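Enquirer: attaching a predicted model along with its sequence, questions to come.
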Amino acid sequence: MPVVPILIIADHSQDVYKFWKETKIAQNRIYDGVEFYFLYADQDQEDTVVAKGNDLFVRVEEGVKKGCIMKTYYGLQWVLMRHPDAEYVVRANLSVIFNIDVLLAKIGGIPQDRPVMSGLVFNGLGFGSFMLWNRKACDLLSSADALRMIEATGYQHNDDTTFSKLCHQFRVHFDESLRKYCKEHFFSYFHLPHLNGPWISSKKVVDDITNRTISDIWSVQHSSQLPQKVKELVDFPVFPPEDVANTMMNALHNLDCSGRSQFLIPNLNIMMQNLGALQSRFGELVYYVVKYIENQGIASMYVDRIVSLPQYDKETVRQWIDLIFYYSLIKRRIRKNVYDKIGLRIGHNGEKNDEKGLNTV
């Protein structure tokens, strides 16, 4: 099979993007069946497209609408000239984790007898994190007619919506056969991606808004989707355990995990490995465990372990638990011997001692 060009939307706005790019450069070195190209914007250059190795610079202002749309359009034109025998082209985001072995094994099932859009396709919409077009669709989407249609939209929509609409106008068939291999978890920013698929847009194990570098790099390093032979070519920095533990705590702070213990538990287990480095945030952690984990045995196990640490501060834990307004929630989710350790006392028949809730000890 000819090489599959993979166009990656990129920019220089965050240092962590350099790391995401490094993982794909490593994959370029290992896999002969794909070639990653990185799409940047440079509105001051004279030529429409300037190639610097695998970096393609398009004359447009950087942006999530017009910038991404025009980078995709002109990037598609360029790779079709660079790879005239290409049967498929992928357009994806920089922060996607690719399992190239699965992708190459499955891509041959995409029809070639008519224009087809595949990837993460659902209900007539292709999601920009992973769009795949066969050659017939590529020829249409890179045509002069396509550019006129794009300009007619006024760049009001994002790139995935724009190219999905173009596909409808060109009567491109939307193929959903790859979707089951494209795992995009709606709660992905708090889930360890162990599922098999050619790419994972749930790229992060944790999401720390204040420190994306740690959360992104740590997540890729521990992802099951990036083969070990690729990881060996990537220079992973070593983060202090304190930074990892607090990054995960920040993720808990930023996310609502109600009813999603299946996403919480894997990450909580990882946090337990760095628990000794957490220092002063044990009360906050107990609060999240009690609030989000409904199973009494599991919640009690975590709380018991947390409050058994020598640096555990009972008063801080009680202050955090006081944020949970319903005493019955504490009673239902952790065993009596565990909340006795925390310092919560109950009266006769398991009733709370006062009307205020949790401040009676």
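Expert: Sure thing, it's come through.

Enquirer: below-threshold pLDDT in the stretch 251-361 of the chain: ranges please.
Expert: 254-263, 266-267, 325-327, 344-361 (pLDDT under 70).

Enquirer: which SS class is Gln311?
Expert: When classified by DSSP: H, G, I helix; E, B strand; the rest coil, Gln311 comes out as coil.

Enquirer: return the distance of Gly67 relative to Phe163.
Expert: Distance of Gly67 to Phe163, computed by C-beta to C-beta, to the nearest Å: 14 Å. Using the backbone N, CA and C atoms, a C-beta is placed for each residue, glycine as well.

Enquirer: which one's more surrounded, those two?
Expert: Phe163 (28 against 21; other C-beta atoms under 10 Å).

Enquirer: wait, what's in contact with Asp235?
Expert: Shown in contact with Asp235 (C-beta atoms under 8 Å, 6 or more residues apart in numbering): Glu22.

Enquirer: so it is in which element?
Expert: Using DSSP states H and E, Asp235 maps to neither a helix nor a strand.

Enquirer: so how far is Arg29 from it?
Expert: For Asp235 relative to Arg29 (C-beta to C-beta), the value is 14 Å.

Enquirer: what does Ile321 give?
Expert: Taken as C-beta to C-beta, the span from Ile321 to Arg29 is 51 Å.

Enquirer: ok, now Tyr302?
Expert: Distance from Tyr302 to Arg29, counting by C-beta to C-beta: 42 Å.

Enquirer: same thing with Ala251?
Expert: Ala251 is 32 Å from Arg29, where distance means C-beta to C-beta.

Enquirer: still on that earlier bit, among Tyr302 and Arg29, which residue is more densely surrounded?
Expert: Tyr302 (23 against 10).

Enquirer: ok, the more buried one - contacts?
Expert: Leu268, Met272, Val289, Ile293 are the contacts of Tyr302 under C-beta under 8 Å, 6+ apart.

Enquirer: could you chop this structure up by domain?
Expert: Residue ranges for the domains of the chain, per automatic domain parsing: 4-183, 188-350.

Enquirer: now the helix or strand harbouring Ser129, how far from the chain's geometric center?
Expert: Using DSSP H and E, Ser129 sits within strand 125-134. Relative to the centre of its chain, strand 125-134 is centred 16 Å away, using C-alpha atoms, centre = their mean, to the nearest Å.

Enquirer: which of the domains of the chain has the lowest average pLDDT?
Expert: Note on those: lowest mean pLDDT is at domain 188-350, with a mean of 74.

Enquirer: how about the helices in the stretch 51-200 of the chain?
Expert: Applying DSSP state H, counting those that start in this stretch to the stretch 51-200 of the chain gives helices spanning 66-82, 100-106, 135-141, 144-152, 159-169.

Enquirer: of all those, which one is nearest Phe239?
Expert: helix 100-106 (27.0 Å; C-beta to C-beta).

Enquirer: what is the closest one packed up against?
Expert: Packing contacts for helix 100-106, counted by 3 or more C-beta pairs under 8 Å, 6 or more residues apart in numbering; DSSP states H and E, involve strand 34-41.

Enquirer: between helix 66-82 and the strand it packs on, find me the angle.
Expert: Following axes from the mean of the first three to the mean of the last three C-alpha atoms, to 10 degrees, one obtains 140 degrees for the angle between strand 34-41 and helix 66-82.

Enquirer: what lies in contact with strand 34-41?
Expert: Residues outside strand 34-41 that contact it (C-beta under 8 Å, 6+ apart): 3-12, 21, 24-25, 27-28, 54-63, 67, 70-72, 75, 78-79, 83, 94, 98, 100, 103-104.

Enquirer: mind listing what's buried in stretch 82-95?
Expert: Within stretch 82-95, the residues that count as buried by 16 or more other C-beta atoms under 10 Å are His83, Ala86, Glu87, Tyr88, Val89, Val90, Arg91, Ala92, Asn93, Leu94, Ser95.

Enquirer: which among the contacts of Tyr302 gets closest to Val244?
Expert: Met272 (11.9 Å).

Enquirer: measure stretch 5-23 end to end?
Expert: In stretch 5-23, first residue to last residue: 16 Å (C-alpha to C-alpha, to the nearest Å).

Enquirer: going forward, the N-terminal residue is numbered 35.
Expert: New numbering, starting at 35: the last item is stretch 39-57.

Enquirer: give me the buried positions along it.
Expert: Applying 16+ other C-beta under 10 Å to stretch 39-57 flags 39-45, 50-51, 53-57 as buried.
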